[in-house]
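*Asks:* My questions are about this predicted structure, shown below with the sequence.
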Amino acid sequence: MQALQLAVEAHKVGKLQDAEALYRAILQAQPKHPDANHNLGVLAVSLNKSELAVPLFKTALEANPNQGQFWLSYVDALIKTNQLEIARSVLEQGKKLGLAGEIVDALEAQLTPIPSPSKEELNGLLEHYQNGRYDLAESLAKTITQKYPDHQFSWKVLGALFQQTGRLQESLIANQRAVAILPNDAEAHSNLGNTLKELGRLEEAEVSHSKAIAIKPDLAEAHINLGSTLHELGSLEEAEASYRKAIALKPDLAEAYSNLGKMLQKLGRLEEAEACHSKAIAIKPDLAEAHSNLGTTLQELGRLEEADASHSKAIAIKPDLAEAHNNLGTTLQELGRLEEAEASYRKAIEIKPDLTEAHSNLGNTLKELGRLEEANESYRKAISLKPDHEVAQYNLAIWYGEQGKYKQAAELFLRSKKFKNSQSYLLKCWYFLNEQALFYELLESLTSQGITDAIIGSFGCRAEIKFGIGKANPFCSSPLNYVFKTDLSKKHDFEEKFVRPTLSILNDTKVQNRFQNLLTNGLQTSGNLFVREKILIDEIKKIVELEIENYRLYFKDSKEGLIKNWPDAYSLHGWLIRMKNGGALRPHMHEKGWISGSIYINVPPKLNTNDGNLVVCIEDDALLSESQDNKKNIIDVTTGSLCLFPASLLHYTIPFESDEERIVLAFDVVPKKKKVF
């Protein structure tokens, strides 16, 4: 029959809609056509619609009981739809008519009743697990699996228990056993996928979650788990689709909104992320993870006090959520509350000793507190837990660089590919290690890729002095020509808009200071004032942003990368420095900035011409030989002065003598990073 042949050919090449239409056309004319009924049933099974296949296989078998495949397909569909008694009866009938072979044996094995634990045992196991009595649940589950090794439920519970308590290899074995016992259990495949994901075997996890969905397309949790795995694999568009599919299947699934929010945050879609986390919390107010995820989004939006509240709420709901303590620590650190941040990281580590992010973050806080060796130990601990942890490697590399250990730093920067500016820092290492060939090779590579930042700009200029070789500078070849000074006291009520707010901050006993080894006879506030002290400093921020725009417009015709590649978006990072008699700040640059600036809140009367003045320069005089000529400008600053200059310039202050404090609000224009995966 030509129509059947066409249908079979379409079926073979995967044109399922065409095949289905042709099969149905045949059945419309011949409702009991055996091959059309059977093949349409096979098509339904392939689409996980076994319940639709059962009557089709039955009709095919009744029309042609001599076709052995019809018996096999019918029994298999009955098993898939859990019609086990009917399946046993049909299989027995087939065997009496001569049905035999390996497939028959396999179907019979699936239908052979296996010894099962009592309802009391199973109910007790479930109750222990659900109420967190994990020791009792584990003991009972092990007893059941020993007595009834082919009973799946106890293996599933063991898999969940082992994963919950961090015994991932044991969880893997238990979940694999659960899948082997019931290969068509979608939940078992999803559980196995979760364990594989925790073990870092992401490709295998993706396969397991996809298998779960193939078996049960409407299992929303499997779509969430697949989305989470795809998220870690960096397949963000596919991850988003999986999360949205889960939400479409189950609109009240808070975890799906929370996970989608995390992914949107990673993509930089912060307002959408906030909305997702808020939706998750509205659905399930006690979902601690959603509160903590909302906190990380709010932190990135610069709403630190709200972020603090969200993380604290998460911890109140779930005190043992290590990730929430770690996230709270990052917020507290940005708020400048360093001792509290340290306590939060240590609590996260106490709960989850292998949480590498907490060890790495603790290292950053300890460094700001001036406890440098402890910081080094924390970074090393993170790397020992996860040798390929690039954030910890990067942080340790920065630490080595700051200690002048450039060889060790270079080795780590070579491994930290995740961070774009790792290559810039590596350039710095080659400079100080006198690796001239490696320095210029890397400089040319970065320039050819169009990569530029203040570090590249600074060392491009400095190398011309040190090595005597000038190269095109992608950031700024003549940074001293881009120093800009204005007098804010002539434009604003300086006392009201600048002096009062900054003195209020400095007089606040809650304001903490950070370790600053470049500073003599002085203190530097911790955290970012522009996000930490919004109420007090908001007017200052608006004025600074206006002056930055004036700076850009003033130099708008420049061909320098500093102006041509002006960041599309930036944030302001600010801090206060107060110095007493003899105070000074040694030569340095702000490596994360694009433009650096300073507002002089109070400059004491000068006993000598240059007391307390700002010096901008290409190189540190201490690093130059007598034959090498440095380039520098001394900027006469007074109360009310605002100075802006390329962040690639080194700068320092000349010591001063006075009983008055010298107070400066320093800041950087920091380009917002584009999301790269």
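*Replies:* Good, I have the coordinates. Residues are numbered from 1 along each chain as shown.

*Asks:* For the worst-scoring helix or strand of the chain on mean pLDDT, buried residues please.
*Replies:* For the chain, counting by mean pLDDT, DSSP states H and E, helix 119-130 ranks last in confidence among helices and strands (a mean of 76). By neighbour count on 16 or more other CB atoms under 10 Å, the buried set for helix 119-130 is 121, 122, 124, 125, 128, 129. C-beta: built from backbone N, CA, C; applies to glycine.

*Asks:* Looking at those, spot the one nearest residue 559.
*Replies:* Using CB to CB, residue 129 is the member of these that lies nearest residue 559, at 68.1 Å.

*Asks:* dump the residue contacts of the closest one.
*Replies:* 137, 157, 160, 161 (CB atoms under 8 Å, 6 or more residues apart in numbering).

*Asks:* Which two of those residues have the greatest separation?
*Replies:* 137 and 160 (9.2 Å).

*Asks:* Which one of the two is surrounded by more residues?
*Replies:* residue 137 (24 against 21; other CB atoms under 10 Å).

*Asks:* From residue 140, how far out is residue 374?
*Replies:* 45 Å (CB to CB, to the nearest Å).

*Asks:* again, but for residue 393
*Replies:* From residue 393 to residue 140 the distance is 44 Å (CB to CB).

*Asks:* go on, residue 458?
*Replies:* 65 Å.

*Asks:* ok, now residue 426?
*Replies:* For residue 426, the distance to residue 140 - CB to CB - is 56 Å.

*Asks:* So which of the two has more stuff around it?
*Replies:* residue 426 (25 against 22).

*Asks:* re earlier: show me which of the buried residues of helix 119-130 is closest to residue 285.
*Replies:* Distances from residue 285 to the buried residues of helix 119-130, taken by CB to CB, are shortest for residue 129, at 24.0 Å.

*Asks:* for this protein, what's the longest helix?
*Replies:* In the chain, assigned by DSSP state H, the helix with the most residues is helix 534-554.

*Asks:* Can you name every helix or strand that that helix contacts?
*Replies:* Here helix 534-554 touches strand 484-487, helix 500-506, helix 529-532, strand 570-585, strand 595-602, strand 641-646, strand 662-671, going by 3 or more CB pairs under 8 Å, 6 or more residues apart in numbering; DSSP states H and E.

*Asks:* Pull that helix out as PDB, backbone CA atoms only.
*Replies:* Output of helix 534-554 as PDB, limited to C-alpha atoms (Å, rounded to 0.1, in the frame of the first residue of the first chain):
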ATOM      1  CA  LYS A 534      24.300  57.700  49.900                       C
ATOM      2  CA  ILE A 535      22.300  60.200  52.000                       C
ATOM      3  CA  LEU A 536      25.300  62.200  53.000                       C
ATOM      4  CA  ILE A 537      27.300  62.000  49.800                       C
ATOM      5  CA  ASP A 538      24.600  62.000  47.100                       C
ATOM      6  CA  GLU A 539      25.000  65.700  46.300                       C
ATOM      7  CA  ILE A 540      28.700  65.300  46.100                       C
ATOM      8  CA  LYS A 541      28.300  62.400  43.700                       C
ATOM      9  CA  LYS A 542      26.100  64.500  41.300                       C
ATOM     10  CA  ILE A 543      28.700  67.300  41.300                       C
ATOM     11  CA  VAL A 544      31.600  64.800  40.700                       C
ATOM     12  CA  GLU A 545      29.700  63.200  37.800                       C
ATOM     13  CA  LEU A 546      29.100  66.600  36.200                       C
ATOM     14  CA  GLU A 547      32.800  67.500  36.500                       C
ATOM     15  CA  ILE A 548      33.800  64.100  35.000                       C
ATOM     16  CA  GLU A 549      31.500  64.800  32.000                       C
ATOM     17  CA  ASN A 550      33.000  68.300  31.700                       C
ATOM     18  CA  TYR A 551      36.500  66.600  31.700                       C
ATOM     19  CA  ARG A 552      35.400  64.200  28.900                       C
ATOM     20  CA  LEU A 553      33.900  67.100  26.800                       C
ATOM     21  CA  TYR A 554      37.000  69.200  27.400                       C
END
